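Enquirer: this one's sequence-less:
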C-alpha cells in the first residue's frame, strides 16, 4: 500500500502502481477551459493518479482482496439540477400523452377509459356517454355529450347543467382537451346527486318542457296565459327583475283598471308585478314629449285606444296656445325648445287635447313648440294631429 502513497517530492509512478488502481483514478488527459466557454483537451504523455487514488486491484491474488471502487458522487447542486431536468422531461412527456389532439383520437381511446355501468354511442359529430337506471321505469340518470370541437354538454335526470357547474374541471373553454379532464368528469358525475342540481336549473328545464309542449298545440286562446306563466317562471330565477314589453303593457292595463286589486296581488306576492310607481313613470315617459312625430307617443295612444270602450272613442279635439319663456335644453340626446315652424327658439306651445263626449277620459295628444305662428301654421299642425288620431284607431 505504501507504493501508491506519494509525497510532494514524488518523482513518478511505475506500472505496478497503475495496475493496482482503478481506471477512474488514472488521469490520461488534461482539460482547460477557454475564454469563449469551450474546453481544450490535451492528451498526457505520462499519466498520473488523482489525489484521492488508492489501491484496490491486486492481480494474481484472491478475488476477495480486489474490488471496484464506487464512482465519485456529484455535488448537491449538480444533483438538484439533474433532478429538475428529469422532472421537467417527465412532465413534458406526461403533458404530451395527456393532450387530446383531435376528435378522431378521442373516438379511438375514450371507450377504454369508461367505468363500470357506463354506456356510449358514437356518431360522426359527437360521442354520447350515459348511465341507465333500470330499477323501475328505465331512464337515463346522467348523460354527457362530447362534440366534434371537444366541447361538453351534461344532463342529469333530463335537466341540462350549466357549464359553470363543472367549470372547475374544463375551465373557460369548456373543452375536454385532456384525458385527465375526461377522467375527472366521470369521477364527478359518479359522485353527483340529484340534490346537487340547482333549483334554477330545474325551473329552466320546466320552462323548456312547457314551451315545447305548448308549441305542439294549436290553441291560440291560451297564448296570453302561457306567456304570463313563462314570464313569472323567469322572474323567479333572477334577483333583479327585468320585465318584457308585453308584460309591462299587461301590468299597466291591470293597474289603471283595478289599482286596488293590483296592489293587493303584488303585496301578497301571488304574482311578481312591477311597482306602481314604476308603471306611472313609464306611462309618463311614453306620453312625453307629446309630438305628432314621436313614435313612442303614437304607440301609447294606440294602446290607450285599445283599452277604450266603443262609446268612449267619440271624442272632441281641443286647441289651446300657451306662452312660454324662450330657451334651449339638451335632454335625452335631443335639443328641446326649438320651434317647429321656423329655425328659432319657440315662444309658444300649441297644445292639442282630446276629451271623450260620453266619459271622463281626457288625453293630451300633442304639444308643438311654435314661434309667432300664423293661421297656415295652425292649419297644418291641426291636420297632422287629426291624421295621427285617425292612424291610432
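Expert: Okay, I see it. Model, not experiment: these values are computed from the prediction. Numbering: from 1, shown residues only.

Enquirer: how far away is the closest residue in space to residue 244 that isn't next to it in sequence from residue 106?
Expert: Closest residue in space to residue 244, ignoring its immediate chain neighbours: residue 231 at 6.2 Å, by Cβ to Cβ, 6 or more residues apart in numbering. C-beta here means a position set from N, CA and C on the backbone, and glycine is covered the same way. Per Cβ to Cβ, to the nearest Å, residue 231 is found 42 Å from residue 106.

Enquirer: Next: residue 329.
Expert: Computed as Cβ to Cβ, the residue 329 to residue 106 distance reads 64 Å.

Enquirer: Using the record's assignment, carve the protein into domains.
Expert: The chain breaks down into these domains under the TED database: 1-65, 103-197, 202-284, 287-392.

Enquirer: and residue 74, which of these is closest to it?
Expert: Nearest to residue 74, of all those, is domain 1-65, at 14.0 Å by Cβ to Cβ.

Enquirer: what's the distance between that closest one and the middle of its chain?
Expert: Chain-centre distance of domain 1-65: 71 Å, with Cα atoms, centre = their mean, to the nearest Å.

Enquirer: What are the buried residues along the helix or strand hosting the residue nearest to residue 244?
Expert: If you go by DSSP states H and E, residue 231 is part of helix 223-235. For helix 223-235, the buried set under the neighbour-count rule, 16 or more other Cβ atoms under 10 Å, comprises 226, 230, 231, 234, 235.

Enquirer: what number of residues lie near the residue nearest to the last one when sequence neighbours are not counted?
Expert: Using Cβ to Cβ, 6+ apart and skipping the chain neighbours, the partner closest in space to residue 235 is residue 272 (4.4 Å). Neighbourhood size, residue 272 [other Cβ atoms under 10 Å]: 17.

Enquirer: what do you get for residue 244?
Expert: The local packing of residue 244 (other Cβ under 10 Å) involves 13 other residues.

Enquirer: That one is in contact with residue 230, isn't it?
Expert: No. Residue 244 is beyond contact range of residue 230, at 9.4 Å (criterion: Cβ atoms under 8 Å).

Enquirer: for residue 261, what are its contacts?
Expert: Residue 261 sits next to residue 254 when contact means Cβ atoms under 8 Å, 6 or more residues apart in numbering.

Enquirer: which element is it on?
Expert: Taking DSSP H and E as the criterion, residue 261 maps to helix 259-267.

Enquirer: the more surrounded of residue 329 and residue 106?
Expert: residue 106 (19 against 9).

Enquirer: so that one, which of the three states?
Expert: helix (DSSP: H, G, I helix; E, B strand; the rest coil).

Enquirer: Just the pLDDT at it, thanks.
Expert: Per-residue pLDDT puts residue 106 at 89.

Enquirer: How much space separates the residue lying closest to it once chain neighbours are set aside from residue 238?
Expert: Nearest residue to residue 106, sequence neighbours excluded (Cβ to Cβ, 6+ apart): residue 100, at 5.1 Å. If you measure residue 100 against residue 238 using Cβ to Cβ, the figure is 37 Å.

Enquirer: Over to residue 25?
Expert: To residue 238, residue 25 is 82 Å away according to Cβ to Cβ.

Enquirer: The residue nearest to residue 106 against residue 152, yeah?
Expert: No. Between residue 100 and residue 152 no contact is recorded; they are 11.9 Å apart, counting by Cβ under 8 Å.

Enquirer: Redo the domains of the chain as CSV? Include distance to residue 92.
Expert: CSV is the format used below for the domains of the chain (distance: least, Cβ to Cβ, whole Å):
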stretch, distance to residue 92
domain 1-65, 27
domain 103-197, 14
domain 202-284, 43
domain 287-392, 58
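
Enquirer: among the ones you listed, which gets the worst mean confidence?
Expert: Lowest mean pLDDT within the domains of the chain: domain 1-65, at a mean of 73.

Enquirer: circling back: the residue nearest to residue 244 contacts residue 245, doesn't it?
Expert: No. Counting by Cβ under 8 Å, residue 231 does not reach residue 245; the two are 11.0 Å apart.

Enquirer: Appreciated, that's everything.
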